[in-house]
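[1] Next one to model:
(chains A and B)
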Number of protein chains: 2
Amino acid sequence: MSVTSIPSSVSDLEAALAAATAARSAVGAASDEDRARWLDAIAEGLTAAADELVPVAHRESHLPIPRLQGEVVRTAFQASLFARRLRERTLFDVRVDHADPAWPMGARPDIRLGVRPIGVVLVFAASNFPFAFSVAGGDSVSAIAAGCPVVVKAHEGHPELSRMVAGIVVEAMRSAGAPDGAFALVEGKEAGAAAVVDPRVSAVGFTGSVHGGRALFDLAVGRPDPIPFHGELGSTNPVVVTPAAWATRSAEVATGFAGSFTLGTGQFCTKPGILFVPDSAAFVDAVAAAVDTPVGPMLGDRIRDGFESAVGALSDEDGVRLLWQGEPNDESVRPMLLGTTIDDVIARPELLEQECFGPAALVVEYDGIDRVVEALGGVHGSLTGTVQAGSDDDPDAPAVVAALADRVGRVIWNGWPTGVTVTDAQQHGGPWPATTAPNGTSVGMAAAARWARPVAYQGVPDAVLPVLLRDGETVPGRRVDGTPQA
Amino acid sequence: MSVTSIPSSVSDLEAALAAATAARSAVGAASDEDRARWLDAIAEGLTAAADELVPVAHRESHLPIPRLQGEVVRTAFQASLFARRLRERTLFDVRVDHADPAWPMGARPDIRLGVRPIGVVLVFAASNFPFAFSVAGGDSVSAIAAGCPVVVKAHEGHPELSRMVAGIVVEAMRSAGAPDGAFALVEGKEAGAAAVVDPRVSAVGFTGSVHGGRALFDLAVGRPDPIPFHGELGSTNPVVVTPAAWATRSAEVATGFAGSFTLGTGQFCTKPGILFVPDSAAFVDAVAAAVDTPVGPMLGDRIRDGFESAVGALSDEDGVRLLWQGEPNDESVRPMLLGTTIDDVIARPELLEQECFGPAALVVEYDGIDRVVEALGGVHGSLTGTVQAGSDDDPDAPAVVAALADRVGRVIWNGWPTGVTVTDAQQHGGPWPATTAPNGTSVGMAAAARWARPVAYQGVPDAVLPVLLRDGETVPGRRVDGTPQA
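    Residues are numbered from 1 along each chain as shown, chains lettered A, B, ... in the order given. Have a look, this model is predicted:
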C-alpha cells in the first residue's frame, strides 16, 4: 500500500492488513538495533518536516502554533527515547533462571523469560494531540519498538496532517530498512471497526471518548478470539486542596488551577475536572480573576457540541449550580465553574464521574478531609489525582495521596496534571474509565510492554535463544536466578 | 465470615465481599514484610496439614497420593517464594526519575513509579490441581503478595478439601496479623457469576475450560465498568519432532511423549495434544509400546464425559483417524492417538485447536519442516510449544522455535511441557484461548504483577512516598533515571 494513495475504505483496510500480516515475521525478527534505527528515522523525519506539518495541524485542529511546535518536539523525542532504551537493552523485563537440581519444589530446568511482539497492532488516533497521540504518537512508536507492524486509524479531525505524517513515517521506516507493510494509515469509522474484529489484528490502542472507546472495546472483547484493547477513555482528574494549602497558598493554587483547567481550551484527558476546596466562593473569585478569557477555539464543532451538552447535563443535576462563567469566545464557548457540596458527592458519586471535555470544572466545597477521602473512595478511576498541600508535612496530605493512589494512575503533589512528561517512570492509565487495561500505560517507556508478550524458553541452547537471554550478554536489570543485575 | 460456616449461596457471597471490601485499605496498607509473613504462614499451615489434606484430596480428585503430596510441596513453596521476593524487594517494577530541567522534551518533574493493589480479586479454582491452582494456589497467593483481599470460588470437584484449605489460609493469615476479611471462600456457580459482576470486585483470575471461562470473561468485560479477567482457558500444546530428532532420538522421543500425554491421565493444561512427526506409523508403534496402560482414573464424571465427547468430535473430522488406543480403565477411558496429515491441518487449522482434556493426542505426519511452520502460523495460541531437536545445531529447529514463540507462552527444547516450575522466569500464558490476557502469567513471580496497578508519583515528598520509591532505599533492579540498579 502506497502512502500517497489515500486509503479511505474497507478495501484499503484489506490491503493494509494484508501487508502488515505479510510483514509480521520480518518486523518481529528485526534486531533491537534495527528497530532503534526505524524509530530514530521517524524522529528525524518529523523534526525535519515540522515547519510544514505545524501549519496544517494548526488549520485542522485550531491549536496554537507554539503548542503544536512543542508537540512535534515531544513526539520526536518519544520515538528516539524508545530507540535509546532498545539500544541500552532496558526496554523489556528479561529474566534468566539457570537449571537448579536443588530447587526446593523439585529440580528446575533452565528457563529464561523474554518477549515476542504481540502481532499487528491497530492504533486509533486521538483528536486533541494531533502529533503525540496520533499517527506517529505513543501507541504507534511503542508498538514499533516492540516489533509489531502498525495500522493507524486516522482521526477525522486532522485528515491532511494524518496523511502527511503517515507519509513521513512510511518513508522514514523504508529508508531505515524496515519491511514494506510495517506501517499503514486507514481512514473512516467503518474501516476502524472492521479492523478491530479482523482476525489479523492482535491488539488495539485507543485514545478518545468513553462512548466511542467502549463501542470498540466491546467489539475487541466480543471476537471469537478476544484481543487486548488498551483504551484511554475518560477521566475527571480530581484535585484536593488541603486546609493547610488553602490557608497558606490559596492565591497560587487558584492561579495554577485557572491555567490548568483552561489549558488547550480544557481539551486534555488530564484536565483537572473536579476540585475539592474548603471555601468555594473565595476560591472561585480568585480563579475568575486569574483565567485568561475568552478561551481559545475548540478542536472542532463535534467536540464543542459535546462540551456544551456535557456541561448542560452536569448543570442540570440536583445540587449543582453555576458558580462562574467567563466571556464567550467566537464559538460562544465560555470557561465555566460549577459547584456542589461534599454531601452531594458522597450521596451521589456519579457527580464526580461526568467528564466535561473542555474548559469547565466542578468545585466541591468540603468540611473535613475525612469526608473528601470518603468521597474519593466511591468514584471511578481517573488518569490523575492531585493534592495541593501546605508543606511537606501537611497532616492531611498522606490520606489524600493514599486515597488518590487507589483510584488513579498518577498522583501529583503541588503541581497540575496537565503536562505529561515522557520518561521511564511515567504512568498514563488508571481504573475504568481512565483505561480499559489498568495495568498498562500509554505514555512512557513501559508503554512498549503492552505490545510485547512474555515468552519463556526452557532448555533452549544458547545459540537458538533470543540474544538478550543468552549467557554472557550484558543486559542491565536482567534478573539472574532471581537477582537483578546492574 | 467464619471459615467454619460453609458459604454456599449468594447471601454468603455478600458477606464475603462486604468483608473483603472493608479489609481492602488495611490489606493494601500492609508492608511487604507483613504480606511476606502472611504468605509464610500459609505455606507453613499447608505443610503442617499435608497429611490430613492429601487423603481428602485423593478421595475427591482420584489423583494419586504421591502426586498430591508433591503438589502440596509446590503450593507451599510458591507462597514462600512470593514472600521471599517481597522481602528482597524484587517482586515489582519500580522506577525513579529525578527532576531534570534539561530533559530534551522540556523540564521534567521528579516522577517515580510504584504499584498499588488492584482491589478485591476473585479467584476461580481449577479441578485438576486441587492445591496448586485452587484455594491457596498461584492466583490466590500472587494476589495476596500484591496486597489484594481474595475471594475464592471453590471448584465443585473438591469441596471438602477447599473448605479445609480455606480454613488453614484464614487461620494462618489471622495468626500472622492479616485483617479480617482478607480471604474468603464461596461456593456455587451462581455465587461465582454474581461475584464477577459485583462492583466491589476489581479483577478475576480463572483456570478452567474454554466454555466456562468464556462465559465468565464475557460477564467481566460486559460490566458497566469492565475489569481485568486473567483466564487460562485451553491449550493444545504442539510438539514438533524434527527430522534430525526422528533420525537420532526416536525411541527417547516416543517414550517421553508416552509419559507426558498420559501423565495425570492427560488432565494437564500443558498436556502435549498435537505432535508433528515425519513417520506417524513408526512413532505410534513406539508410543504404544511405551504407554503405561490402563491409565489412572479421571477427576470426575463430568470431565470423563467431556473427554469422550471431545475425542469423539475430533475423530469424526474428515481426515482424522484412530491410530491407536490402549486398554480401558475401570471407567472405560482409553489412552488414544488420533492421526491426520500436514495437508489436512494446513487446510483446516481448526483441527489443531480442539483440546481433548484427557489422555489423547493428535499425531500429524509431515514432510518438510516448512510445512510445519506454515501450519503453526495458522493456529490459535497455546500455553506451550515443544521442539524435539536432534542436536543443538539442528538446522530445522530455529524456525520451529521462532514459529512456536509467536503462538505460545513457553517454548520447550528436548523436554516435555507437563511439569511447570515456579520461578522468576516462568511464563504460563499465551494468546487466546491459552489465556484471555496474554501479557500476564498465572505461574511464576511475574504473576503478582497482574494484581498490582502501576501508579506514578509526581513531586511527592520522600516521607509521603511508598517506601520503595524513596531516595536512599536499596531496591535491586530499581531503574533510576533510566538505569537499572543492582
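
[2] Got the confidence number for A:G378?
    Per-residue pLDDT puts A:G378 at 86.

[3] The residue lying closest to it once chain neighbours are set aside: neighbouring residues, count only.
    Ranked by C-beta to C-beta, 6 or more residues apart in numbering or on different chains and with sequence neighbours excluded, the top spatial neighbour of A:G378 is A:P349, at 3.7 Å. C-beta: built from backbone N, CA, C; applies to glycine. By other C-beta atoms under 10 Å in any protein chain shown, 16 other residues sit near A:P349.

[4] Which residues are in contact with A:P349?
    A:A375, A:G378, A:V379, A:H380 (C-beta atoms under 8 Å, 6 or more residues apart in numbering or on different chains).

[5] again, 10 Å this time
    By C-beta atoms under 10 Å, 6 or more residues apart in numbering or on different chains, the contact set of A:P349 is A:E374, A:A375, A:L376, A:G377, A:G378, A:V379, A:H380.

[6] and it, how far is that from B:G222?
    22 Å (C-beta to C-beta, to the nearest Å).

[7] just the buried members of the contacts of A:P349?
    Neighbour-count burial (16 or more other C-beta atoms under 10 Å in any protein chain shown) applied to the contacts of A:P349 gives A:E374, A:A375, A:L376, A:V379, A:H380.

[8] Scan chain A for its longest helix.
    In chain A, taking DSSP state H as the definition, the longest helix is helix A:32-61.

[9] and that one, which residues are buried?
    A:32, A:34-47, A:49-50, A:53-54, A:56-58, A:60-61.

[10] which phi and psi does the residue in the stretch 251-400 of chain A positioned nearest to chain B have?
    Here the residue of the stretch 251-400 of chain A nearest chain B is A:D392; by C-beta to the nearest C-beta that distance is 4.0 Å. Main-chain torsions, A:D392, degrees, to the nearest 10: phi -60, psi -20.

[11] And the pLDDT for it?
    97.

[12] Equivalent analysis for the one 4 residues further on, please.
    Here, the pLDDT recorded for A:D396 equals 98.

[13] ditto for A:F133
    At A:F133, pLDDT is 97.

[14] which non-adjacent residue is nearest it?
    A:A126 (4.0 Å).

[15] what about the one you found, how many residues close to it?
    A:A126, neighbours per other C-beta under 10 Å, totals 23.

[16] If we go by neighbour counts, what in stretch A:286-304 is buried?
    In stretch A:286-304, counting by 16+ other C-beta under 10 Å, buried: A:286-288, A:290-291, A:293-300, A:303-304.

[17] on that earlier part again, return the member of the contacts of A:P349 nearest to B:E71.
    Proximity of those to B:E71 (C-beta to C-beta) peaks at A:G377, which lies at 39.4 Å.

[18] wait, isn't the closest one in contact with B:S25?
    Yes - applying C-beta atoms under 10 Å as the test, A:G377 and B:S25 come out as touching, 8.5 Å apart.

[19] which residues are common contacts for those two?
    With C-beta under 10 Å, 6+ apart, A:G377 and B:S25 have common neighbours A:A403, A:D406.

[20] For A:G381, give me the pLDDT.
    The model's pLDDT for A:G381 equals 96.

[21] Next, the contact list for the nearest residue to it once chain neighbours are set aside, please.
    Nearest in space to A:G381, with sequence neighbours left out and distances taken as C-beta to C-beta, 6+ apart, is A:P431 at 2.9 Å. Contacts for A:P431 (C-beta under 10 Å, 6+ apart) come out as A:379-382, A:406-409, A:438, B:118-119, B:202, B:225, B:227-228, B:453.

[22] Now a PyMOL select for only the buried ones of these.
    To isolate the buried members of these in PyMOL, using 16+ other C-beta under 10 Å:
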select buried, (chain A and resi 379+380+381+382+406+407+408+409+438) or (chain B and resi 118+119+202+227+228+453)
